[in-house]
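In: okay, sequence plus prediction incoming.
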Amino acid sequence: MSQKIVFPKPLKEGDTIAILSPAGIIKPEHVQNSIPVLEAQGWKVKVMPHTLGKWGNYSGTPEDRLADLEEAFLDPEVRVILCSRGGYGVVHLMDSLNRLPIEKDPKWVVGYSDISALHALMASKGIASIHASMTSHISKGAEDEDNKVLFEILRGQAPAFTFEGHQYNRLGQCSGKIIGGNVAVIAELINTPYDIIEEDTILFIEDVSEPIYKIERIMYQLRLSGVLPRLRGLIVGQFTEYTADSNYKDMESMIYDMVKPYHYPVAFNVPIGHVSHNIPVIESAQATLKVTDAGKTHLIFWPINSK
């Protein structure tokens, strides 16, 4: 049975956003330059103690990163947890975070890439979150289109998008809960407590710096584990920083072959992922996907019902 989803409360003037680094190391200027953009929206910013830290390839030890997240989740003043960047490392913290009473005071979690694991944790607890760009992109300012949409979502407004079509698109319309993110992270969570791809989900996927054969392997894992057959729709985001191989000229043609046996709508080339135009997606929200014969794809989120 599908879990009821709780939406964190919309932000109001004076609310606090906590910036932290649950995975990789962030350049200090990205955090520093994002702060005035957020403050100009009327929000306060709290930079957590280990946000700008360094421990090997990570922003801190697992204990340091967990401490920042725990403090932010349990602080009643904090309404949004903005991850400074992705990288790798959220998986170190999952079991400990799962023991926190996160559902007692739902907060927005914002980020993408490795933060897909944190979105899966939130979804497992029935809490919506936002797959969106982080401090580096927020530093571009409030006039940036993706930042505008993110700020509107934080204030309680559901977005709607229209994209250009693609030669591999499969036409159709569907509605359902939208879930996804970095496909390598999502696949690693199958058959764990954070496997949140339910039947009739609209799945969105993206990745970076992975060769085509590795993504094909992941797609086979999704097929053989029963994920691909039971989807209601598929959104193929951006796969970047890879090269063609002897079997496929690009990632899209491989994914096109992988979903041929199914009949749900599939939208390719949607601006989600490690690209400059990375639309915010409300994880666990209800949405409608329309892939039309007029050369357009529409993604419409249903109204946000905040707690």
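Out: Arrived safely, thanks for sending. Residues are numbered from 1 along each chain as shown.
In: tell me which helix or strand Ala287 sits in.
Out: Using DSSP states H and E, Ala287 sits in strand 286-291.
In: rounded mean pLDDT for that strand, please.
Out: For strand 286-291, the mean pLDDT works out to 98.
In: what about dumping the CA coordinates of it to CSV?
Out: The C-alpha coordinates for strand 286-291 follow below in CSV (Å, rounded to 0.1, in the frame of the first residue of the first chain):
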residue,chain,number,x,y,z
GLN,A,286,2.1,13.4,-7.1
ALA,A,287,2.7,14.5,-10.6
THR,A,288,1.3,14.1,-14.2
LEU,A,289,3.7,13.3,-17.1
LYS,A,290,2.4,14.1,-20.6
VAL,A,291,4.5,13.0,-23.6
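In: direction included, what does that strand pair up with?
Out: Note on strand 286-291: by DSSP bridges, its sheet partners are strand 172-182 (antiparallel), strand 296-301 (antiparallel).
In: mind listing residues that contact it?
Out: Contacts of strand 286-291 from elsewhere in the structure, counted by C-beta atoms under 8 Å, 6 or more residues apart in numbering, are 165, 169-178, 202, 233, 235, 265-267, 297-302. C-beta: built from backbone N, CA, C; applies to glycine.
In: same thing but 6 Å
Out: Residues from elsewhere that reach strand 286-291, judged by C-beta atoms under 6 Å, 6 or more residues apart in numbering: 169, 171-175, 178, 202, 233, 265, 267, 297-302.
In: which phi and psi does Glu252 have?
Out: Main-chain torsions, Glu252, degrees, to the nearest 10: phi -60, psi -40.
In: make that Ala18, sorry
Out: phi -100, psi 130.
In: does it touch Ile81 like I think?
Out: Yes - Ala18 is in contact with Ile81 according to C-beta atoms under 6 Å; the separation is 5.4 Å.
In: quickly list what's touching both of the two.
Out: Shared contacts of Ala18 and Ile81, counting by C-beta under 6 Å, 6+ apart, come down to Ala72.
In: thinking again about what came up before, so how far is the strand holding Ala287 off the chain centroid?
Out: 17 Å (C-alpha atoms, centre = their mean, to the nearest Å).
In: residues near Asn269, how many?
Out: Residues near Asn269, counting by other C-beta atoms under 10 Å, number 18.
In: and for Gly156?
Out: When neighbours are defined as other C-beta under 10 Å, Gly156 has 16 of them.
In: then Gly181?
Out: Counted with other C-beta under 10 Å, Gly181 comes out at 30.
In: just say helix, strand or coil for the closest residue in space to it that isn't next to it in sequence.
Out: Distances taken as C-beta to C-beta, 6 or more residues apart in numbering place Ser116 nearest to Gly181, at 3.0 Å, with adjacent residues excluded. Taking DSSP: H, G, I helix; E, B strand; the rest coil as the rule, one finds Ser116 in the helix state.
In: Ser116 is in contact with Val183, isn't it?
Out: No - using C-beta under 6 Å, Ser116 is not in contact with Val183, being 8.6 Å away.
In: so which of these two has more stuff around it?
Out: Legend: neighbour count by other C-beta under 10 Å for Ser116 and Val183, higher for Ser116 (29 against 26).
In: gap between the more buried one and Arg230?
Out: In this view, Ser116 and Arg230 are 20 Å apart by C-beta to C-beta, to the nearest Å.
In: bridging residues for the spatially most central residue of the chain?
Out: Geometric centre of the chain, nearest residue: His131, 2.7 Å, by C-alpha atoms, centre = their mean. Note on His131: beta-bridge partners by DSSP bridges are Gly111, Val281.
In: give the contact list for it.
Out: Applying C-beta under 6 Å, 6+ apart, the residues near His131 are 112, 181, 281, 283.
In: if I look at the third one, how far off is Gly295?
Out: Think Val281. Plainly put, Val281 is 22 Å away from Gly295 if you go by C-beta to C-beta.
In: which one's more surrounded, these two?
Out: Just comparing Val281 and Gly295: by other C-beta under 10 Å the higher neighbour count belongs to Val281, 28 against 10.
In: separation between the more buried one and Lys177?
Out: Distance, Val281 to Lys177, using C-beta to C-beta: 12 Å.
In: same question for Ile218.
Out: Following C-beta to C-beta, the distance that separates Ile218 from Lys177 is 21 Å.
In: repeat that for Lys9.
Out: To Lys177, Lys9 is 20 Å away according to C-beta to C-beta.
In: same check, this time on Gln221
Out: From Gln221 to Lys177 the distance is 21 Å (C-beta to C-beta).
In: check Thr240 too.
Out: Relative to Lys177, Thr240 is positioned 26 Å away (C-beta to C-beta).
In: comparing the two, which residue is more hemmed in?
Out: A side-by-side neighbour count of Thr240 and Lys177, using other C-beta under 10 Å, places Lys177 first with 22 against 14.
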